[in-house]
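[1] give me a 3D structure for the following:
(4 chains)
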Number of protein chains: 2
Amino acid sequence: MSTSQGQRDAASASADDTENSRTPFYLQLRDRIAAQIATGQLSAHSRLPSERTLSEQYQTTRVTARLALGQLEAEGKLYRSNRRGWFVSPERIIYDPSLDVSFTDYVTKQGGVPRTETLQSTSLTVPAWLAQKSGLEEGSEIYHIQRRRYIDGRAILTENIYVNPAVCPGLLRFDFNQSLWKLMRHEYSVSLSDKHVTMYPTALTEPQAGILGVTPGTAGLYVNRISRNSEGVFIEFDEEFWLHDALCISVHAKG
Amino acid sequence: MSTSQGQRDAASASADDTENSRTPFYLQLRDRIAAQIATGQLSAHSRLPSERTLSEQYQTTRVTARLALGQLEAEGKLYRSNRRGWFVSPERIIYDPSLDVSFTDYVTKQGGVPRTETLQSTSLTVPAWLAQKSGLEEGSEIYHIQRRRYIDGRAILTENIYVNPAVCPGLLRFDFNQSLWKLMRHEYSVSLSDKHVTMYPTALTEPQAGILGVTPGTAGLYVNRISRNSEGVFIEFDEEFWLHDALCISVHAKG
DNA sequence: AAGTGGTCTAGACCACCAC
DNA sequence: TGGTGGTCTAGACCACTTG
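    Next comes the predicted model:
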């Protein structure tokens, strides 16, 4: 196959020849597909040809084609949906986890179509790990809400929210497919003034991968937030599992 | 091979049987290796057996073994070094990009051994993209510093810093293997009071992958920060490319 | 020189999804 | 039911790192 390798290099040529080694074919293929995305030949949410078709088209094997697709996925330029195919990622949503702005609002403002599903809303007893984070007593009551959120019909985040019932009694009777913060502000006059946000990139595994309908190991961003009011009373602990290509975190710090 | 598949499932069994489908072998293998990390049989920075050895040991092929290793890499539990092998990731460094605390200080405080290398320090003219971000005039002078930083001998981040020469005249004569912020504070009495931090997960590609000595496509976190003083004067633009398993972002927001 | 991961081939069967 | 991605096999050669 040395002949075909030579042709491949000749065909892609262009940049990146700064090093003394050949550019592997899967990176050449990555760049060709990336170019089609950049020029708009492939637009957001449009589906790519199947892996088998791509392998034929570029005269390679599925394994190599998947390497190229995996690169673009890692860069956040493509995503896949279960066994349905590969799609072009839309622009990242710009998100500031330190503000209490509603998901619905900022997605809409950025041109996306948001949707929220409530998967669970129950009352639990505080487990040890949460007692430690919140300062609540282990075994006392806590509200738990689990949601899944979509942008343009794509599930991009799932979250577990734990709310202190002392500050929001009877919360569970509401509909959580709307903004929880708006609810807390308007119904309970709760204001969150002290937030501690922690986040790191990691792979999505079960059960979150299943909830979002992606392959285990898909790159994600884990974000959690502990909110207290101005007296230091614990209000909520929220943990979010995002698809890694869906968001761009933006935080302002003054002082 | 249906026989050997059956044995594999029997051997791992345990959890995750909530769904009606079999757990693929590469995930079983992932869990076995993860267990060795969790129990400390494999400790931070220790090297795993070679891919070929692992494939034999677990009676599978390199491709499948690599799938398992790739999962653990995506989760931030393993990292690889060029063609040297697979290693166990140490704890993530907790990092607050909104504070001006020195890298050296917080790495040391968290039990790591930091090191900084200056790759470049030159004077440039402001390019269009930076002019837009900073408000400086395109074509005016700007200092550029490129560094690479290590923890425990592992290169985990590379950064480009662009400093306004008006607030730090003669900056380039200093040694940048120390904290830049300490330098700015002590030599120029510069205080950064307004910071805008942006970050998102993405793959590391050339040239950053090369600088850090990792395969292109390795998961990373891109962080940038625009700092101004209390009068709104642009001080620096910093962009950092981190290995995704090396850090945990932690931000406090009050008010 | 030997061993490592990096790249690549040419197939196969399975689970799931859309039609 | 046919096509998709998901998983897996059993090899190969290459580039690079290490002793």
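
[2] from chain B, how far out is residue A:131?
    20 Å (C-beta to the nearest C-beta, to the nearest Å). C-beta coordinates here come from the backbone N, C-alpha and C atoms, glycine included.

[3] what's the answer for residue A:237, then?
    Residue A:237 is 15 Å from chain B, by C-beta to the nearest C-beta.

[4] quick one: the residue of the stretch 151-255 of chain A found nearest DNA strand D from residue B:241, how far?
    The stretch 151-255 of chain A approaches DNA strand D most closely through residue A:215 (4.3 Å), counting by C-beta to the nearest atom of the strand. Distance of residue A:215 to residue B:241, given as C-beta to C-beta, to the nearest Å: 26 Å.

[5] neighbour count winner among the two?
    Just comparing residue A:215 and residue B:241: by other C-beta atoms under 10 Å in any protein chain shown the higher neighbour count belongs to residue B:241, 23 against 16.

[6] what residues does the stretch 151-255 of chain A put near DNA strand D?
    Within the stretch 151-255 of chain A, the positions adjacent to DNA strand D are A:215, A:216 by C-beta under 7 Å from any atom of the strand.

[7] helices along the stretch 151-255 of chain A, start to end?
    A:180-188, A:208-212 (DSSP state H, counting those that start in this stretch).

[8] save the ones you listed as JSON lines, and put in mean neighbour count too.
    Below are the helices of the stretch 151-255 of chain A laid out as JSON lines (neighbours: other C-beta atoms under 10 Å in any protein chain shown):
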{"stretch": "helix A:180-188", "mean neighbour count": "16"}
{"stretch": "helix A:208-212", "mean neighbour count": "20"}
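
[9] can you say which of these is nearest to chain B?
    helix A:208-212 (7.5 Å; C-beta to the nearest C-beta).

[10] ok, that closest one near chain B or not?
    Yes: shown here: helix A:208-212 in contact with chain B (C-beta under 8 Å from any C-beta of the partner chain) through residue A:210.

[11] mind giving me the packing neighbours of that helix?
    strand A:154-163, strand A:218-228, strand A:234-243 (3 or more C-beta pairs under 8 Å, 6 or more residues apart in numbering or on different chains; DSSP states H and E).

[12] with only the CA atoms kept, save that helix in CSV.
    Provided in CSV are the C-alpha atoms of helix A:208-212 (Å, rounded to 0.1, in the frame of the first residue of the first chain):
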residue,chain,number,x,y,z
GLN,A,208,-25.0,9.4,32.6
ALA,A,209,-23.9,8.1,29.2
GLY,A,210,-27.1,6.1,29.0
ILE,A,211,-29.3,9.0,30.0
LEU,A,212,-27.7,11.1,27.2
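
[13] quick one: mean pLDDT for that helix?
    Throughout helix A:208-212, pLDDT has a mean value of 93.

[14] distance from it to the middle of the chain?
    11 Å (C-alpha atoms, centre = their mean, to the nearest Å).

[15] if we can go back for a sec, quick one: which of the helices of the stretch 151-255 of chain A is nearest residue B:202?
    helix A:208-212 (18.8 Å; C-beta to C-beta).

[16] neighbouring contacts of that closest one?
    A:119, A:148, A:155-158, A:204, A:215-218, A:220, A:241, A:243, B:19 (C-beta atoms under 8 Å, 6 or more residues apart in numbering or on different chains).

[17] apply 6 Å and report the result again.
    Contact with helix A:208-212 is made by A:148, A:155, A:158, A:216, A:241, as judged by C-beta atoms under 6 Å, 6 or more residues apart in numbering or on different chains.

[18] what is the nearest of the residues you listed to residue A:183?
    Distances from residue A:183 to the contacts of helix A:208-212, taken by C-beta to C-beta, are shortest for residue A:148, at 17.8 Å.

[19] I figured the closest one hits residue A:156, correct?
    No: applying C-beta atoms under 6 Å as the test, residue A:148 and residue A:156 come out as separate, 9.0 Å apart.

[20] ramachandran angles for residue A:245?
    Main-chain dihedrals, residue A:245, degrees, to the nearest 10: phi -90, psi 0.

[21] right, I mislabeled it, should have said residue A:146
    phi -120, psi 130.

[22] check contacts around residue A:142.
    Applying C-beta under 6 Å, 6+ apart, we find residue A:142 in contact with A:124, A:126, A:162.

[23] show me how chain A divides into domains.
    Domains of chain A are assigned by automatic domain parsing as A:2-88, A:93-249.

[24] of all those, which lies closest to residue B:38?
    Nearest of the domains of chain A (C-beta to C-beta): domain A:93-249, 14.0 Å.

[25] what number of residues lie near the residue in chain A positioned nearest to DNA strand C?
    With C-beta to the nearest atom of the strand, the shortest gap between chain A and DNA strand C falls at residue A:25, namely 3.0 Å. By the measure other C-beta under 10 Å, the count of residues near residue A:25 is 21.

[26] so residue A:160 versus chain B, what's the distance?
    With C-beta to the nearest C-beta as the criterion, residue A:160 and chain B are 17 Å apart.

[27] hmm, stretch A:39-58 in reach of DNA strand D?
    Yes: using C-beta under 7 Å from any atom of the strand, stretch A:39-58 comes into contact with DNA strand D via A:48, A:50, A:51, A:52, A:53.
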